[in-house]
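**Student:** please find the sequence and the predicted model below.
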Amino acid sequence: MSSELYACVRAAEFPAQALLRLRTDLETQPIAVLDGPALQQTVCSLNRHASRRGAVLGMTRLEAEGMSGLQLLPRSVEVETAAHAVLLECAAKFSPRIEDASDGTGCALVLDIAGTERLFGPPEKLAQRLRDEMATAGFRVSIATSANFHAARIKATAARGITIIPAGEEAHALEKLPIASLALTEEHKETFALWGIRTLGELGALPEVELVKRLGAAASDWRAMAHGSARHTFQPIEPEFALKEFYDFETPLEQIDSLLFIGARLIDCLVARAVGRALSLASLSVDMELEGGQSHHLAIHPAVPTVDRKFLLKLLQLEMGAHPPLAAVVSLTLTAEAGQSSKMQLGLFAPQTPEPSRLDVTLARLKAIVGEDRVGTPLLEDTHRPGSFQMEGFQVDAKPAAQKVECPRMALRRVRPPHPIQVALHAMKPVAFRDGDSRFEIAAAYGPWRTSGCWWSQDGWDTEEWDALAASRNGEAFGCLLVLDRLRNEWRLEAFYD
Amino acid sequence: MPSAAALRLEIERTLEHRFPAALTPAPRTLYEVAPTGVASVDTLLEGGLPVGAISEVTGPESSGRTSLTLAFLAQRTETGQVCAWVDAGDAFDPESAAASGVDLKQMLWVRCCNQGGLARGKPWTRLDQALRATDLLLQAGGFAAIVLDLGDMEPAHAMRIPLATWFRFRQAADRTRCSMVVLGKTAYAQSSTAVVLESAPSQPEAVGGTVWRGCTFAVRRGRQRFTPQLASARKPPASTWSATAAWEAGRRA
């Protein structure tokens, strides 16, 4: 008994299936996919609803447009490439040895399933699980299992649903299939038609020597295939794991809601693929091709890798809201970077901190309210320039602070931007200042504190600071920081002590 | 001979029509508080600012309200907790915060602005932005303290914040165990506030007339929701505290 066992998975009308995988709303519509140069487009693929309405492969665009209710979609190589990767990924869950046996508009993968019985059960169960997996990914496939590679491939091409060919029954299983199931040239097809050979069973019944004499050495292979006994050297492929989804719109989209509708589906697909490998999405890049040839890029970096679809979609919505594309979108590509699922050791006595995923959404919402660069953590710069800092993204770091201040310090409240003021001096000390229409008397002024730096560059500074105790006419006293810009000879009210 | 319990019960029954439960102390709920880091203020507040409630620190400019709030945040971030500063007037000074001991990495700073964000370009005011941001942060949870800084806001504007907003903030703070501190010129949260601290400037300390070394501030407890008001207390309790200049630390912030 042969130890070989193969399962062939074939997605017929692959161009149409690849497009419909992302457009679940079109599943019940008759769809035809057009391919070819602009003026010579013909139907290269269609779904079963279109076939029922009388559409056939090879129809011209004009003929297809004449059929009422038939929706025409352009063929997209990028979408098919992404769909092929998904198909391959689903198959890889059942066997690491896969050979690509695609032909024409069908995408076929042959899996070496020998020795998988203990994992997935008998071939019937494996085939059913494989089909369910493909259906979850959005593909309608036919599956055939056989001990012979070519028998499984040919049967999956010709039959629908699941076919299990028992070992030794290959010839019987293939005998009624048309001879077109073999990859014959037109000349050989005509020859067999003249001989009255229409099925593989009839071809297999021909004497091998006489057949080779008339049609050459290839005829021996055809006969062996028809018998289900052709030998094949398995050539497994090594699929590259890339979390990438692409969608090409029929018409350019301007509405963000419409983009999110497709984006949600793409995120679903990416998450499902990541979950299949026990991974999470660490980051998400969104590339949009815009009308006019421009492109628009967005990046989403959750605090921790996640597989929460709603959370990722919310982040995408907020990011798109904050950075909307400047023109209508022609195509959408989502590329994810895989990361390990988040594992966090919680402690009974650890301080309470915001939940990372929820904090991400909150920060994105805050940025939408006050602006991108106005939310975060202030980072003091390594300079003596007064009031210099930069904003950094906020991240929760539960480590306690290193420094501890024993007694409270006087704090400043900055005036942004600083108010230009007019200062009255007496003995080189400020005694009063005017801010707009208000005049303030200075009871005590402490200073000056002179700082300067960066004199070699354009943004150099040379200032003189005074701590002043001022009072308005109605008697309100306050402490403030007055600064003389010595480069411009201007006085400014920089801050209040509070 | 009657026992002490029986005797107490008899006295209470006798006086029941005049003093309900005359000899039994009224049950009192203990609320969690967080120290402010200023000993005299902690004494005034019987431990510190309440956790899961709204506190208000009020006063005019240079009354020490920002210094006191930063001292409180320094205490919270010291233990690795996360805080937020919603800055309606964009007046927060990171250098002062660092000098006060606040771990800036543990603090989220939301700077409100006049123009609003990029989202739809709606002309939100700073106050509106501050309230929205505070609402989001309170609902998100996980922040040990959130400061709503209305220190530069005119009372005429801030008084227009609806009571329902403060009530919602109070509920959210209670649910997330967050100490919400409102900085303002006067108290705005009214019945939703747990503690009101009224600050006032006292006197500056100078050395030799050239260096401003620090300042002493007066603080008064204007309202404390969880403490029973004693009939004999005619004046609200008050205290003073001192803050030194940042340069006193011997290092730059």
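**Tutor:** That came through fine. Numbers count the residues shown, from 1 in each chain, chains lettered A, B, ... in the order given.

**Student:** show me what whichever strand or helix holds A:Leu281 is packed up against.
**Tutor:** Taking DSSP states H and E as the criterion, A:Leu281 maps to strand A:279-290. Secondary structure elements in contact with strand A:279-290, counted by 3 or more CB pairs under 8 Å, 6 or more residues apart in numbering or on different chains; DSSP states H and E, are helix A:256-276, strand A:295-300, helix A:309-322, strand A:329-340. The way it works is simple: take the backbone N, C-alpha and C, and place the C-beta from them, glycine included.

**Student:** let's have those in CSV, adding distance to A:Pro378, mean pLDDT and mean neighbour count.
**Tutor:** Shown next, in CSV, are those (distance: least, CB to CB, whole Å; pLDDT from 0 to 100; neighbours: other CB atoms under 10 Å in any protein chain shown):
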stretch, distance to A:Pro378, mean pLDDT, mean neighbour count
helix A:256-276, 32, 90, 19
strand A:295-300, 23, 93, 15
helix A:309-322, 21, 91, 18
strand A:329-340, 29, 91, 19
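
**Student:** tell me which of the ones you listed sits nearest to A:Leu215.
**Tutor:** Closest to A:Leu215 of the helices and strands packed on strand A:279-290, according to CB to CB: helix A:256-276, at 45.6 Å.

**Student:** the residue most central in space within chain A and A:Tyr247, how far apart?
**Tutor:** For chain A, the residue sitting closest to the mean C-alpha position, by CA atoms, centre = their mean, is A:Leu334 at 2.6 Å. Per CB to CB, to the nearest Å, A:Leu334 is found 8 Å from A:Tyr247.

**Student:** try A:Met67
**Tutor:** Distance, A:Met67 to A:Tyr247, by CB to CB: 25 Å.

**Student:** which residue does the stretch 51-200 of chain A have closest to chain B?
**Tutor:** Residue nearest to chain B within the stretch 51-200 of chain A: A:Glu78 (30.4 Å; CB to the nearest CB).

**Student:** look at that residue and give its secondary structure.
**Tutor:** The three-state assignment at A:Glu78 reads helix, by DSSP: H, G, I helix; E, B strand; the rest coil.

**Student:** how much space between it and A:Lys429?
**Tutor:** Per CB to CB, A:Glu78 is found 73 Å from A:Lys429.

**Student:** the residue nearest to the centre of chain A contacts A:Leu266, correct?
**Tutor:** Yes - under the criterion of CB atoms under 8 Å, A:Leu334 makes contact with A:Leu266 at 4.5 Å.

**Student:** identify the contacts common to the two.
**Tutor:** Residues touching both A:Leu334 and A:Leu266 by CB atoms under 8 Å, 6 or more residues apart in numbering or on different chains: A:Glu245.

**Student:** could you give the number of residues near A:Pro239?
**Tutor:** 17 (other CB atoms under 10 Å in any protein chain shown).

**Student:** before we move on, what about A:Asp467?
**Tutor:** By other CB under 10 Å, the residues close to A:Asp467 number 23.

**Student:** now do the shared contacts for A:Leu334 and A:Tyr247.
**Tutor:** A:Leu266.

**Student:** do me a favour and get the end-to-end distance for stretch B:35-55?
**Tutor:** Using CA to CA, to the nearest Å, one end of stretch B:35-55 lies 13 Å from the other.

**Student:** is it anywhere near chain A?
**Tutor:** Yes - using CB under 8 Å from any CB of the partner chain, stretch B:35-55 reaches chain A at B:37-38.

**Student:** stretch B:63-83 too?
**Tutor:** Yes - applying CB under 8 Å from any CB, one finds that stretch B:63-83 is in contact with chain A at B:63-68, B:70-71, B:74, B:77-82.

**Student:** list the residues that contact residue 192.
**Tutor:** Chain wasn't specified; assuming chain A. If you count contacts by CB under 8 Å, 6+ apart, A:Phe192 has them with A:179, A:184, A:198, A:203.

**Student:** oops, I was thinking of chain B
**Tutor:** Residues near B:Ser192 by CB under 8 Å, 6+ apart: B:54, B:163, B:166-167, B:169-170.

**Student:** could you rerun that using 6 Å?
**Tutor:** Applying CB atoms under 6 Å, 6 or more residues apart in numbering or on different chains, we find B:Ser192 in contact with B:54, B:166-167, B:170.

**Student:** one step back: which one of A:Met67 and A:Tyr247 is surrounded by more residues?
**Tutor:** Just comparing A:Met67 and A:Tyr247: by other CB under 10 Å the higher neighbour count belongs to A:Tyr247, 22 against 15.

**Student:** go ahead and confirm the more buried one touches A:Thr333.
**Tutor:** No - contact criterion CB atoms under 6 Å: A:Tyr247 and A:Thr333 do not qualify, at 7.7 Å.

**Student:** quick one, phi psi at B:Gly64?
**Tutor:** Main-chain torsions, B:Gly64, degrees, to the nearest 10: phi 90, psi 10.

**Student:** check what pLDDT the closest residue to it other than its chain neighbours gets.
**Tutor:** Nearest residue to B:Gly64, sequence neighbours excluded (CB to CB, 6 or more residues apart in numbering or on different chains): B:Phe217, at 3.3 Å. In this model, B:Phe217 is scored at 90, pLDDT.

**Student:** could you do B:Val207 as well?
**Tutor:** We have a pLDDT of 61 for B:Val207.

**Student:** what residues does the stretch 51-200 of chain B have near chain A?
**Tutor:** Proximity of the stretch 51-200 of chain B to chain A, by CB under 6 Å from any CB of the partner chain, involves residues B:61-62, B:66-67, B:70-71, B:77-82, B:90-91, B:93-94, B:96, B:99-101, B:103-105, B:108-112, B:117-119, B:129, B:132-133, B:136, B:140, B:142.

**Student:** just the buried ones from the residues you listed, in PyMOL syntax?
**Tutor:** PyMOL command restricting these to the buried ones, with burial defined by 16 or more other CB atoms under 10 Å in any protein chain shown:
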select buried, chain B and resi 61+62+66+67+70+71+77+78+80+81+82+90+91+93+94+96+99+100+101+103+104+105+108+109+110+111+112+117+119+129+132+133+136+140+142
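
**Student:** now the strands for chain B?
**Tutor:** Ranges of strands within chain B are B:33-34, B:49-50, B:53-58, B:83-87, B:107-111, B:145-150, B:179-184, B:193-207, B:211-224, B:238-244, based on DSSP state E.

**Student:** could you count how many residues lie near the nearest residue to A:Ile31 once chain neighbours are set aside?
**Tutor:** Closest residue to A:Ile31 apart from its sequence neighbours, by CB to CB, 6+ apart: A:Asn47 at 4.8 Å. A:Asn47 has 24 neighbours, counted by other CB under 10 Å.

**Student:** for A:Asn47, give its distance to A:Ala11.
**Tutor:** From A:Asn47 to A:Ala11 the distance is 12 Å (CB to CB).

**Student:** contacts only, for A:Glu392.
**Tutor:** Contacts of A:Glu392 by CB under 6 Å, 6+ apart are A:376-377, A:379.

**Student:** wait, doesn't A:Pro305 sit right on A:Ser280?
**Tutor:** Yes - using CB under 6 Å, A:Pro305 is in contact with A:Ser280, at 3.5 Å.

**Student:** who touches both of these two?
**Tutor:** Listed as contacting both A:Pro305 and A:Ser280 by CB under 6 Å, 6+ apart are A:Gly339.

**Student:** show me what A:Ser45 bridges to in the sheet.
**Tutor:** A:Val33 (DSSP bridges).

**Student:** pLDDT wise, what is it at?
**Tutor:** A:Ser45 carries a pLDDT value of 91.

**Student:** any idea what the spatially most central residue of chain B is bridged to?
**Tutor:** Geometric centre of chain B, nearest residue: B:Ser55, 3.5 Å, by CA atoms, centre = their mean. Beta-bridge pairing for B:Ser55 (DSSP bridges): B:Val181, B:Val195.

**Student:** which residues touch it?
**Tutor:** B:49, B:181, B:194-195.
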